[in-house]
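Novice: predicted model and sequence below, questions to follow.
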Amino acid sequence: MRLRLRTVACAAGLAFASSFLVAAPASANTPPTAPTVLSPENFGYRSLNNVTLTAAGSRDAEGQNVSLQFTVGFFGAATVWTSPWIAAFGLAGNAASVVVPASSVRAGQVYIWSVRARDSLGAVGPPAARAIDIFSNYQPGASGFRYDEAIFLGGFGPRETVNSGLTQVSSATLKSVLADLPSPGTVNCTALPSGLQSQMASVPTGRGTVTLLAPLAQGMRVVMHEIQVKEPALYDVLVASGGLCYRNSKNASGMKPGTVSPHSWGTALDIKLTSQSGYEFYPSKGLGWVTWGLVRTYFYLHEAGWIWGFGFSGDNQDNMHFEIGLQGLNGMIWWGQIHHA
Ligand SMILES: [Zn+2]
């Protein structure tokens with residue numbers, strides 16, 4: 001299949017570009033800034049053919065012409081397709097588009113893509129900040145995937161791929177910041193010390209209720225409202241519960257001895273869909289699979305600083321599980337919203 005490329009250009013953009021033909025000395029050259037991903041937007045659905053990737057906004061300090069290169073891959077897996085460098089023009093910010101050849105993508109697969117810029121001296125800048133944009137060549141119905149549909153997000157990669165920009169909080173940190181809880185030696189919920197229990201609050205979440213550390217419960221109320229407004233059909237099938245529970249961590253094999261689950265400090269919650277009889281560790285189809293409703297939920301929670309258990313390595317994959325990242329914890333500390341029990 002012939003690769004089709006096109007650039008987004010306008011007369012003003014070409015004039016702008018040609019006025020910067022004098023390059024700065026190589027020794028002083030700095031790479032261009034990361035472009036901004038324009039479309040498809042995060043988790044945009046696309047049909048099998050003619051997936052067009054568009055990005056713009058890269059700037060070069062020396063005013064050189066900029067080219068963009070697009071990369072398509074799986075979560076944490078090897079790149080499946082890389083575009084040539086495509087000249088980018090336009091006063092709106094060095095825009096370029098590329099059509100991904102249908103022969104390079106497979107039906108039923110969800111892809112991530114990113115883009116980076118190169119200046120005319122060959123200096124390559126960083127990739128777009130949001131490298132988790134997804135498209136699929138899966139042929140969905142008019143409204144996209146069903147929320148209860150299991151989809152394959154690809155091979156198992158580094159957790160930072162789905163949890164990009166967020167840092168996991170260790171239990172040692174939670175012990176030092178909130179309460180020095182010993183490992184309870186059970187996966188059943190155990191009574192908390194009163195000083196920690198008094199910092200908890202409950203909040204309605206979709207069709208459930210969840211108890212979390214109070215400032216997180218407050219934040220979750222905002223996130224749930226956002227889902228209710230932007231994606232009411234998702235809100236209607238969402239059950240966020242399984243928040244506070246002082247217990248050991250567990251994985252698909254059972255209890256992990258010596259651990260303390262982040263649920264113990266009210267900094268984690270588990271989510272399921274009303275159509276699911278139980279919580280989803282990973283679907284019966286195996287590692288790398290996840291129910292689409294949870295992917296959509298991740299979209300909202302990731303923006304709010306929650307780390308997704310889907311990104312946990314090996315058979316620790318935990319689709320239902322979300323826990324606040326270090327950035328969110330540090331925010332609560334900075335605002336004086338929590339204290340050591
Ligand atoms: Zn959990």
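Specialist: Good, I have the coordinates. Worth saying up front: this structure is predicted, and the values here are computed from it rather than measured. Residues are numbered from 1 along each chain as shown.
Novice: next, count neighbours for the residue in the stretch 1-150 of the chain that the ion sits nearest to.
Specialist: Residue nearest to the ion within the stretch 1-150 of the chain (C-beta to the ion): residue 150, separated by 19.2 Å. Just so you know, the C-beta spots here come from the backbone N, C-alpha and C atoms, and that holds for glycine as well. Residue 150 is flanked by 18 other residues according to other C-beta atoms under 10 Å.
Novice: so it makes contact with residue 285?
Specialist: Yes. With contact defined as C-beta atoms under 8 Å, residue 150 reaches residue 285; the gap is 5.4 Å.
Novice: got the residues of the protein near the ion?
Specialist: By C-beta under 5 Å from the ion, the part of the chain that sits against the ion consists of 268, 270, 321.
Novice: quick one: pLDDT of the spatially closest residue to the last one that is not a sequence neighbour?
Specialist: In other words, residue 321. Leaving aside its chain neighbours, residue 321 sits nearest to residue 309 (3.1 Å; criterion: C-beta to C-beta, 6 or more residues apart in numbering). pLDDT for residue 309: 92.
Novice: the closest residue to the ion within the stretch 201-341 of the chain: how many residues sit nearby?
Specialist: In the stretch 201-341 of the chain, the residue that lies nearest the ion is residue 321 (3.4 Å; C-beta to the ion). Neighbours of residue 321 under the rule other C-beta under 10 Å: 26.
Novice: which residues touch residue 289?
Specialist: Residues in contact with residue 289 (C-beta atoms under 8 Å, 6 or more residues apart in numbering) are 150, 151, 152, 153, 282, 283.
Novice: switch the cut-off to 6 Å
Specialist: 150, 152, 283 (C-beta atoms under 6 Å, 6 or more residues apart in numbering).
Novice: and the gap between the last one and residue 316?
Specialist: Look at residue 283 and residue 316: by C-beta to C-beta, to the nearest Å, they are 16 Å apart.
Novice: which residue packs closest to residue 256, ignoring adjacent ones?
Specialist: Nearest to residue 256 is residue 249, by C-beta to C-beta, 6+ apart, at 4.6 Å.
Novice: try residue 117
Specialist: Closest to residue 117 by C-beta to C-beta, 6+ apart is residue 58, at 3.6 Å.
Novice: so residue 282 makes contact with residue 318?
Specialist: No. Using C-beta atoms under 6 Å, residue 282 is not in contact with residue 318; the gap is 7.8 Å.
Novice: show me what the top helix by length along the chain is packed against.
Specialist: Secondary structure of the chain per DSSP state H: the longest helix is helix 214-230. In terms of contacts (3 or more C-beta pairs under 6 Å, 6 or more residues apart in numbering; DSSP states H and E), helix 214-230 is packed against strand 200-205, helix 232-237, helix 292-303.
Novice: for it, C-alpha coordinates in PDB please.
Specialist: What follows is helix 214-230, C-alpha atoms only, in PDB (Å, rounded to 0.1, in the frame of the first residue of the first chain):
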ATOM      1  CA  ALA A 214     -11.300  13.100  53.000                       C
ATOM      2  CA  PRO A 215      -9.600  15.400  50.400                       C
ATOM      3  CA  LEU A 216      -9.500  12.500  47.900                       C
ATOM      4  CA  ALA A 217     -13.200  11.900  48.500                       C
ATOM      5  CA  GLN A 218     -13.800  15.600  47.800                       C
ATOM      6  CA  GLY A 219     -11.800  15.300  44.600                       C
ATOM      7  CA  MET A 220     -13.500  12.100  43.600                       C
ATOM      8  CA  ARG A 221     -16.900  13.900  43.900                       C
ATOM      9  CA  VAL A 222     -15.600  16.400  41.200                       C
ATOM     10  CA  VAL A 223     -14.300  13.600  38.900                       C
ATOM     11  CA  MET A 224     -17.600  11.700  39.200                       C
ATOM     12  CA  HIS A 225     -19.500  14.900  38.400                       C
ATOM     13  CA  GLU A 226     -17.300  15.400  35.300                       C
ATOM     14  CA  ILE A 227     -18.100  11.800  34.200                       C
ATOM     15  CA  GLN A 228     -21.800  12.300  34.800                       C
ATOM     16  CA  VAL A 229     -21.800  15.500  32.700                       C
ATOM     17  CA  LYS A 230     -19.500  14.400  29.900                       C
END
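Novice: quick one: that helix to helix 292-303, angle?
Specialist: Here the directions of helix 214-230 and helix 292-303 differ by 130 degrees (axes from the mean of the first three to the mean of the last three C-alpha atoms, to 10 degrees).
Novice: what about the strands in the stretch 1-150 of the chain?
Specialist: Counting by DSSP state E, counting those that start in this stretch, one finds strands in the stretch 1-150 of the chain at the ranges 5-6, 36-39, 51-56, 66-73, 79-82, 86-88, 96-100, 110-119, 133-136, 150-152.
Novice: pairing partners for the third one, with directions?
Specialist: For strand 51-56, the paired strands and their directions (DSSP bridges) are strand 36-39 (antiparallel), strand 96-100 (antiparallel).
Novice: same question, the fourth one
Specialist: Next to strand 66-73 in the sheet, as set by DSSP bridges, lie strand 79-82 (antiparallel), strand 86-88 (antiparallel), strand 110-119 (antiparallel).
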